[in-house]
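> This is a predicted model, with the sequence first.
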Amino acid sequence: MKLRGEPIVFVTAYDAPSARHAARAGVDCILVGDSAAMTMLGHDSTLPVTVAEMVMLTQAVRRGAPDTFVIADLPFGSYQLSSEQAVATAITFVKEGGADAVKLERGGTTLPRVAAIVAEGIAVVGHVGLTPQSAIALGGYTAQGRTAERAHDVIADASALEAAGCFAVVLEAIPAAVSSRITNMLRVPTIGIGAGVGCDGQVLVWHDLLGLSEGRVPRFVKRYADLSREIDAALATYVADVRQRAFPGTEHEYSMPADEIERLTRVGG
């Protein structure tokens with residue numbers, strides 16, 4: 001697809017129904033992101049989510065989209081300690097979670113982890129720019145690579161991840177000029193999220209694009225629906241209907257033959 005210049009479509013999903021919708025829409029890849037910590041589990045960062053929780057979500061996505069390429073984020077703390085730990089975690093996601101590939105953040109010390117996982121026959125996606133697992137060290141959830149020096153660091157990390165064996169690299173919250181440079185430099189696809197149209201593909205978080213996120217969303221998000229408002233309205237109507245005894249109606253009830261009702265009356269005295 002990169003060679004053909006055909007844009008690659010990623011979307012995050014965290015459960016079977018979302019995965020089914022994504023597959024029906026024709027997305028190329030589903031990313032089970034550790035953003036689930038915030039979107040699904042109510043945390044204020046990606047850091048608390050566990051391997052067990054991420055594996056469960058990956059299993060659900062696999063069941064919902066059995067024929068779609070599924071990539072799972074390795075959560076914070078599951079690959080940083082050693083290459084052996086990284087390989088073991090990746091194997092868990094492939095063997096138990098049903099993932100086709102895993103994603104790791106950053107360059108630097110992540111590079112030997114990537115190489116070790118790839119050496120065991122597991123496909124890996126890299127991630128540079130704004131890497132949420134290390135957002136505090138980067139100064140918060142802000143754009144990266146906005147000076148020539150920092151841009152050079154991001155470019156170097158992306159190149160190093162390709163050399164380590166990544167088959168794709170996510171570019172998050174970096175200037176479009178930098179992402180275009182990286183995209184032209186790498187042989188593997190780049191997947192942008194807040195990195196401009198020059199990437200080989202794009203990814204957005206499920207809850208962001210469907211209008212399910214609470215509070216402020218990043219400037220790079222485009223809302224394609226406002227489902228939060230529709231859900232609120234539907235639930236408010238349901239609550240009102242129940243309290244006014246407008247629901248359930250007779251069309252929602254199960255009937256019983258008249259003779260059986262008569263028998264029930266007799267049996268009951």
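Looks like it came in fine. Residues are numbered from 1 along each chain as shown.
> isn't S35 right up against V205?
Yes - contact criterion C-beta atoms under 8 Å: S35 and V205 qualify, at 5.5 Å. C-beta: built from backbone N, CA, C; applies to glycine.
> Now for these two: what residues contact both?
T12 (C-beta atoms under 8 Å, 6 or more residues apart in numbering).
> Where does pLDDT dip in the stretch 101-250 of the chain?
Counting by pLDDT under 70, the ranges of the stretch 101-250 of the chain that qualify are 134-141.
> In it, what residue spans correspond to strands?
Here the stretch 101-250 of the chain has its strands, by DSSP state E, counting those that start in this stretch, at 101-103, 123-129, 168-172, 190-193, 201-204.
> Can you add distance to D226 and give the ones you listed back as a markdown table?
What follows is the strands of the stretch 101-250 of the chain, written out as a markdown table (distance: least, C-beta to C-beta, whole Å):
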| stretch | distance to D226 |
| --- | --- |
| strand 101-103 | 29 |
| strand 123-129 | 28 |
| strand 168-172 | 24 |
| strand 190-193 | 21 |
| strand 201-204 | 15 |
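> Can you say which of the ones you listed is nearest to T109?
Checking these against T109 by C-beta to C-beta gives strand 123-129 as the closest, at 13.1 Å.
> orientation of the closest one relative to strand 168-172 in degrees?
Going by axes from the mean of the first three to the mean of the last three C-alpha atoms, to 10 degrees, strand 123-129 is angled at 20 degrees with respect to strand 168-172.
> chain center to strand 123-129: distance?
13 Å (C-alpha atoms, centre = their mean, to the nearest Å).
> Repeat that for stretch 258-269.
Its chain's C-alpha centre and that of stretch 258-269 lie 56 Å apart, by C-alpha atoms, centre = their mean.
> in stretch 178-188, what's buried?
By neighbour count on 16 or more other C-beta atoms under 10 Å, the buried set for stretch 178-188 is 178-183, 186, 188.
> Contacts for that stretch next, please.
Against stretch 178-188 from outside (C-beta under 8 Å, 6+ apart): 2, 145, 151, 154-155, 158-159, 162, 166-169, 171, 190, 192, 195-196, 198-200.
> repeat that for 7 Å
By C-beta atoms under 7 Å, 6 or more residues apart in numbering, the residues outside stretch 178-188 that reach it are 145, 151, 154-155, 158-159, 162, 166-169, 171, 190, 192, 195-196, 198-200.
> Show me the domain layout of the chain.
8-225, 230-267 (automatic domain parsing).
> Give me whichever of the ones you listed is most buried.
Mean neighbour count (mean count of other C-beta atoms under 10 Å) peaks for domain 8-225 among the domains of the chain, with a mean of 19.
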